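Undergrad: A structural model of the following input is requested.
(one chain, ligands or ions: 1)
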Amino acid sequence: MNTQRLRDTARTLVADDKGLLAMDESNPTCNKRFAKLGIPQTVEARRAYRELIVTTPGLGECISGVILYDETIRQQKKDGTPFVKAITDAGIIPGIKVDTGAKDMAGHPGEKITEGLDGLRERLKEYSQMGARFAKWRAVIAVGDGIPSRGCIEANAHALARYGTLCQEAGLVPIVEPEVLMDGGHTLERCGEVTEAVLRTAFHQLNSQRVVLEGMILKPNMVLPGLTCPLQGKVKEVAVGEQQYQVRLTDRQQDELEDVDEVADVTVRCLLRGVPAAVPGIAFLSGGQSPELASARLNAMNLRFKSRLPWALAFSFARAIQQPALEIWLGKEAHVLAAQQALVHRARCNRAARRGEYNAAMERTGTG
Ligand code: 13P
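TA: Numbers count the residues shown, from 1 in each chain. So this is what the prediction gives:
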């Protein structure tokens, strides 16, 4: 195994304040997002959309790697140039999603186990020959009444670790993605407990299965309250002169005022407890946060902690980079340029967030 090459690739993926763009939605997921916006759910529409992304001018200044899906890695631009060549020519490293999806876990109602280990060695060899230099596998952990179970956390961690070693054997850097989902009414604290348990178990398994930590990237969730958490409208003490008042913040005010720093603190604490210093980079998924909040929270983590952390804190967003562009494109050729501008804007905002230089004014002026 060429561990030096793995280390170099992993380091390059998080170098120069860049991050990853996940464009590896499976066909059903991509179709679902298209359907919501009235975009035809066809192979050609998916190809055209991915062409829009990979030909976005300036993308390589902020994006180090893109994660492709099996259909996409085999596709070409309209002029016949393979996507992999277009991506590489833009100075971006191509990667590939290799799990085959999260399926209901037997004996564990409400929980999922990610599949895709069978035949993985052969598939990795093929993807490597096609030009992929890293891969991604996503495990999903739901939070709810009595879940996650130990069985679910352990089975998913074991699969992530087996995938990790197979990737490294094939010369591909594994992006290890154990995602604690935002769905549900759980609190920030509960998300923190679950995320910590998931990370500890994942790294226990990664070590047992001999994954070279220096040659991998971790792709975790940020520690966040569930989407329907009743604490969203939290009470805050406000001083006016000598008087103390209790003010109930609206969801949006809370998000913007205090949630950003709190999320940054709790997330970094959780990562410091669970992620070995040998890992070169942590690239967050966005998980359903708005693009602006995902950037603001990443920014707060880097602003407050960057100089004291052993690993780079980067991004590997799908929705938080793509969604505004998709909503502009709507499948229309005439909208391609405007959609590309929206895409590169989000990429720039996130590069700024890696530097702790993101601010709300960038959103108003569209600069970055
Ligand atoms: P989101 O950023 O939309 O959560 O997607 C990241 C990803 O790659 C999911 O596997």
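
Undergrad: going by C-alpha atoms from here, please, whenever you check contacts or count neighbours.
TA: Fine.

Undergrad: so which residue is smack in the middle of this protein?
TA: residue 285 (2.1 Å; CA atoms, centre = their mean).

Undergrad: what residues does the stretch 1-150 of the chain put near the ligand?
TA: Proximity of the stretch 1-150 of the chain to the ligand (CA under 6 Å from any ligand atom) is limited to residues 22, 138.

Undergrad: likewise the stretch 251-368 of the chain?
TA: Counting by CA under 6 Å from any ligand atom, the stretch 251-368 of the chain sits next to the ligand at 285, 286, 287, 288, 317, 318, 319, 320.

Undergrad: where's the third one, which helix or strand?
TA: The one in question is residue 287. Using DSSP states H and E, residue 287 sits within no helix or strand.

Undergrad: for it, give me its contacts.
TA: Residue 287 makes contacts with 181, 182, 221, 319, as judged by CA atoms under 8 Å, 6 or more residues apart in numbering.

Undergrad: what is the neighbour count of residue 77?
TA: A count of nearby residues for residue 77, using other CA atoms under 10 Å, gives 18.

Undergrad: and residue 171, that one's in a helix?
TA: No - Residue 171: not assigned to a helix; according to DSSP: H, G, I helix; E, B strand; the rest coil it is coil.

Undergrad: how close does it sit to the ligand?
TA: When distance is defined by CA to the nearest ligand atom, to the nearest Å, residue 171 is 21 Å away from the ligand.

Undergrad: kindly report the same for residue 32.
TA: According to CA to the nearest ligand atom, residue 32 and the ligand sit 13 Å apart.

Undergrad: show me the strands in the stretch 251-368 of the chain, by range?
TA: For the stretch 251-368 of the chain, applying DSSP state E, counting those that start in this stretch gives strands covering 281-284, 312-317.

Undergrad: and residue 31, backbone torsions?
TA: Backbone geometry at residue 31, expressed as degrees, to the nearest 10, gives phi -60, psi -40.

Undergrad: low-scoring stretches of the stretch 101-250 of the chain, by residue?
TA: Along the stretch 101-250 of the chain, segments meeting pLDDT under 70 span 231-250.

Undergrad: in it, what residue comes closest to the ligand?
TA: Per CA to the nearest ligand atom, residue 138 is where the stretch 101-250 of the chain lies closest to the ligand, at 5.6 Å.

Undergrad: what helix or strand is that residue on?
TA: Judged by DSSP H and E, residue 138 forms part of strand 134-141.

Undergrad: and that strand, what does it pack onto?
TA: Applying 3 or more CA pairs under 8 Å, 6 or more residues apart in numbering; DSSP states H and E, we find strand 134-141 packed against strand 93-97, strand 102-104, strand 112-114, helix 150-169, strand 173-180.
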